[in-house]
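Novice: here is the input, now give the coordinates:
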Amino acid sequence: EASQLSAFNTHRAGYEAASIKYLLFPPGANPFVQVMTASIGTARVKPVALFPGQSISGTMPLPASHGADLPAILIEVGTYGGASRGILNVRVCTATDCAIGHGDIANAGDNNYFAIKFEQPLAIGNASSLTYQLDFASGNQVAIWFTTEQGAHEHVLTPAGTTPGLAPLLGLEGVVPAGAPILVFSNPSMNIFKLPNAKPYMAVSGGSCRLKISSRQSATAQCTAPATLIRREVFFPGWQAHINDHPAPISAYHDTFQAINLPAGTSAIRFSYEPPHTMASVIVALISAFVWVAFALTQRRAGNTGALTIPQSAWLQRAAQIDLSKRSRAILPIAFIGLVAPLGLYLALATPPGDVADEPAQLVRAAALLHGTLIGERRVVTTPQGPSVTAGMRVNLAVPRAGFNPFIPLTKANFEQKQRTSWVQPHIFVSI
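Specialist: Prediction:
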């Protein structure tokens, strides 16, 4: 994870330039914030179950280098496969000040750090230790993971009494640094962060224009002088552009995206996509349809004899002696495939991406894509291998590695294969 974060930080400007807006992470600690932990081990040793009305308390030291304020505490919890429900209240104090917070366990990831924000950041000043109390106020039960104590915690009290040699896995979350990605959505399956400086999907360069984006395929521009419209869609054969119903050539922008020249005045812009070799696919489909109809008519004329009545050449005469049912089984499926496959491929490739939505809807779509519950108005089915995508959604995914490659297209057809390699990665970048 550290190497992937390093790769992202190295290429962050490239991701923002590619209009990548949102980052999807596993649930847990904010990777862009310094997390201060007490001097304890990190291995889970023992879960301690909390039932409503029970609590865990103790004292933990502060690291030598810590910030002036603590906005949140991290608690490693177990939710029994997501079955835990209830409210976990926390109270953390120095000798002079206290901070309280509340967290809904339904939003916690199983066997992961659960961040609970304080109502007000805790000013720790020169404090060298903190006292904490975790109260499970209501619900069924939740597990708090304990690890081996290394002389750091004191007076750890659980519902079963003291736990010599063990202490809860706790962390202290520091202040979010300026310019860091912002947490905008969280649930038991993921955290979604927004890149604050992501470039827009469409923008005007080199002129004074008012741009109104209706969808990924259409926009209206009012320009006082000629300008250039930059569309951060991959420059790929098959894309076409029209301005006021007149064809407009598309050029490559930075060798990756699309750009068209806008005239002064009002421009109604429309993009469309037609896969290369569409005409050839249609011709093959029509020929297959003709073969299909011809065999159907032949079978009708031949009656029950199974012999053709119209062949003239020697080749057709020999073909007529073949049992018609065998010919049908052998040739008609081929003709059917020849008819359906080109048209199906065309329709699949020519399907336009979804419309541009406002940010809350974008987050719902991103979350619905990778989380198998009802979120907003969209439902995604969860399979044993993971979530499956609903029709009409297209996103660009990129996993930060050593090189910069923010374009791994994901469609319904290849989602199941892609998710096995991409979903297990700690970070997935989404542009919707």
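Novice: ok, Val33 - contacts?
Specialist: Going by C-beta atoms under 8 Å, 6 or more residues apart in numbering, Val33 touches 173-177, 180. C-beta here means a position set from N, CA and C on the backbone, and glycine is covered the same way.
Novice: what segments of this protein are helices?
Specialist: 2-17, 278-302, 314-320, 324-350, 359-370, 415-422 (DSSP state H).
Novice: any idea how far Ala123 is from Ala106?
Specialist: 30 Å (C-beta to C-beta, to the nearest Å).
Novice: hmm, back to that, top of the contacts of Val33 by neighbour count?
Specialist: Glu173 (22 neighbours; other C-beta atoms under 10 Å).
Novice: my read: it touches Ile75, true?
Specialist: No: if you go by C-beta atoms under 8 Å, Glu173 and Ile75 don't touch, sitting 10.9 Å apart.
Novice: how's this structure carved up into domains?
Specialist: For the chain, the TED database gives the domain ranges 33-175, 202-273, 358-431.
Novice: comparing those by mean pLDDT, which bottoms out?
Specialist: Ranked by mean pLDDT, these end with domain 358-431 at the bottom, a mean of 35.
Novice: for Ala49, which residues count as its bridge partners?
Specialist: With DSSP bridges applied, Ala49 shows beta-bridge pairing to Ala143.
Novice: roughly how far does the closest residue to Ile213 other than its chain neighbours sit from Pro31?
Specialist: Nearest non-adjacent residue to Ile213, counting by C-beta to C-beta, 6 or more residues apart in numbering: Ala219, 4.7 Å away. To Pro31, Ala219 is 35 Å away according to C-beta to C-beta.
Novice: please apply the same query to Gly171.
Specialist: 12 Å.
Novice: repeat for Thr298
Specialist: From Thr298 to Pro31 the distance is 67 Å (C-beta to C-beta).
Novice: Asn140 now?
Specialist: Counting by C-beta to C-beta - Asn140 and Pro31 are separated by 30 Å.
Novice: cool, and Ser288?
Specialist: 53 Å.
Novice: equivalent analysis for Ser189, please.
Specialist: According to C-beta to C-beta, Ser189 stands 16 Å off from Pro31.
Novice: name the nearest of the contacts of Val33 relative to Ile243.
Specialist: The nearest member of those to Ile243, counting by C-beta to C-beta, is Ala180 at 39.8 Å.
Novice: now do the same contact list for the residue lying closest to that closest one once chain neighbours are set aside.
Specialist: Nearest residue to Ala180 in three dimensions, chain neighbours excluded: Phe32, at 4.2 Å (C-beta to C-beta, 6+ apart). Applying C-beta under 8 Å, 6+ apart to Phe32 gives the contacts 176-177, 180-181, 193.
Novice: try it again with 10 Å
Specialist: Going by C-beta atoms under 10 Å, 6 or more residues apart in numbering, Phe32 touches 5, 8-9, 23, 25, 176-177, 179-183, 193.
Novice: the residue lying closest to Pro263 once chain neighbours are set aside and Ile287, how far apart?
Specialist: Distances taken as C-beta to C-beta, 6+ apart put Pro226 closest to Pro263, at 5.8 Å, once the chain neighbours are dropped. The span separating Pro226 from Ile287 equals 47 Å under the rule C-beta to C-beta.
Novice: for the stretch 51-200 of the chain, what spans make up the strands?
Specialist: 55-61, 69-78, 86-93, 98-104, 112-123, 129-139, 142-148, 154-158, 161-162, 166-168, 170-173, 182-187, 190-194 (DSSP state E, counting those that start in this stretch).
Novice: kindly reformat the ones you listed as TSV containing distance to Ile283.
Specialist: Shown next, in TSV, are these (distance: least, C-beta to C-beta, whole Å):
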stretch	distance to Ile283
strand 55-61	73
strand 69-78	61
strand 86-93	64
strand 98-104	59
strand 112-123	56
strand 129-139	64
strand 142-148	64
strand 154-158	75
strand 161-162	81
strand 166-168	70
strand 170-173	62
strand 182-187	48
strand 190-194	46
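Novice: closest to Gly14 out of those strands?
Specialist: strand 190-194 (16.8 Å).
Novice: next, the buried residues of that closest one.
Specialist: Neighbour counts using 16 or more other C-beta atoms under 10 Å place 190-194 of strand 190-194 among the buried residues.
Novice: tabulate those (JSON lines), appending pLDDT and distance to Pro249.
Specialist: Below are those laid out as JSON lines (pLDDT from 0 to 100; distance: C-beta to C-beta, whole Å):
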{"residue": "Met190", "pLDDT": "79", "distance to Pro249": "41"}
{"residue": "Asn191", "pLDDT": "80", "distance to Pro249": "42"}
{"residue": "Ile192", "pLDDT": "84", "distance to Pro249": "37"}
{"residue": "Phe193", "pLDDT": "85", "distance to Pro249": "38"}
{"residue": "Lys194", "pLDDT": "86", "distance to Pro249": "34"}
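Novice: looking at these, which is nearest Phe114?
Specialist: Checking the buried residues of strand 190-194 against Phe114 with C-beta to C-beta, the nearest one is Asn191 at 11.3 Å.
Novice: quick one: residues contacting that closest one.
Specialist: By C-beta under 10 Å, 6+ apart, the contact set of Asn191 is 23-31, 109, 115, 181, 183-185.
Novice: correct me if wrong: Asn30 contacts Phe193.
Specialist: Yes: counting by C-beta atoms under 10 Å, Phe193 is a contact partner of Asn30 at 8.1 Å.
Novice: residues that sit against both of those two, list them.
Specialist: Both Asn30 and Phe193 are in contact with 180-183, 186, where contact means C-beta under 10 Å, 6+ apart.
Novice: buried ones only from the residues you listed, please, as a ChimeraX command.
Specialist: Buried residues within these, by 16+ other C-beta under 10 Å, are selected in ChimeraX with:
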select :181,183,186
